[in-house]
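K.L.:
Kindly generate the corresponding structure for this input.
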Amino acid sequence: MQTKMEAIIYNQKGTEAGTIKLPSKVFGVKWRADLVHQVVEGMRSNKRSGTADTKDRGEVRGGGKKPWKQKGTGRARHGSTRSPIWVGGGTTHGPLSEKNYKRKISKKMRAQALFSVLSKKMKDGEILFVDSLSMGEIKTKKAVEVMKNLSKASGFKPLASSKKPRVLTALYGRSEKAEKSFRNLPQLEIVFLKNLNPLDVLQYQYLLIENPEESVKFLESRG
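P.N.:
Now for the predicted structure:
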């Protein structure tokens, strides 16, 4: 039988706005380092374009004529300047564009790896739930104020003071005013909850989840 965990929901003023029941299958699973490593490395590999390409001695230009006669010059014999030991010659065993770095990652593996990462973040106290990050207007000053309020309420000082990206902010839906207001804050990186993945979550110390009621329902549906 699935058990429920409970977490506090904050508002933009940094005060408690309620609580939310969290499904243990999303926020209470054990840490699976092997699975997380496999999925994260697979995602990194899938991002590789595979466009690196070098020319071998049969593809470089020039070198059609023997540089000098075989004997009598006192120099080493050479048949072509296309040789890899010549400047401008071909490359030996270099990368070729036909190499495919794609790895198959099933939806179930990706979801379970995400749940494992979220559970670890939750256990370490690095997830903050906010009822809404919607803004009445595009104003970075207001966004700064919101982060300062949240940092005081939760004890997450980097939410307001860090100069490096340390907080991954997951918005439930598109909001132009919120996106443009918060994207100028150096400590934040904005993503959409539907695109949340273990690779992104692991790259940041803290995770900020907006509209937790709907967000948690969506995450639970992925499992």
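K.L.:
what mean pLDDT does stretch 158-171 have?
P.N.:
On average, the pLDDT along stretch 158-171 is 86.
K.L.:
and it, which residues are buried?
P.N.:
For stretch 158-171, burial by neighbour count (16 or more other C-beta atoms under 10 Å) applies to 158-160, 162, 166-171. In short, each C-beta sits where N, CA and C put it, glycine included.
K.L.:
and if you look at stretch 112-119?
P.N.:
Of the residues in stretch 112-119, those buried (16+ other C-beta under 10 Å) are 112-119.
K.L.:
longest helix in this structure, by residue count?
P.N.:
Assignment by DSSP state H gives helix 107-123 as the longest helix of the chain.
K.L.:
Identify the residues contacting that helix?
P.N.:
With contact meaning C-beta atoms under 8 Å, 6 or more residues apart in numbering, helix 107-123 is reached by 5, 7, 22, 25-32, 35-36, 38-40, 127, 196-198, 201-202, 207, 219, 222-223.
K.L.:
do that again at 7 Å, thanks
P.N.:
With contact meaning C-beta atoms under 7 Å, 6 or more residues apart in numbering, helix 107-123 is reached by 25-29, 31-32, 35-36, 39, 127, 196-198, 201-202, 207, 222-223.
K.L.:
Tell me the helix or strand right after the lowest-mean-pLDDT helix or strand in the chain.
P.N.:
Lowest on mean pLDDT, DSSP states H and E among the helices and strands of the chain sits helix 158-161, with a mean of 77. Downstream of helix 158-161, the next assigned helix or strand under DSSP states H and E is strand 167-171.
K.L.:
what angle sits between that next one and helix 107-123?
P.N.:
120 degrees (axes from the mean of the first three to the mean of the last three C-alpha atoms, to 10 degrees).
K.L.:
how about low-confidence regions in this structure?
P.N.:
The chain contains residues with pLDDT under 70 at 1-4, 154.
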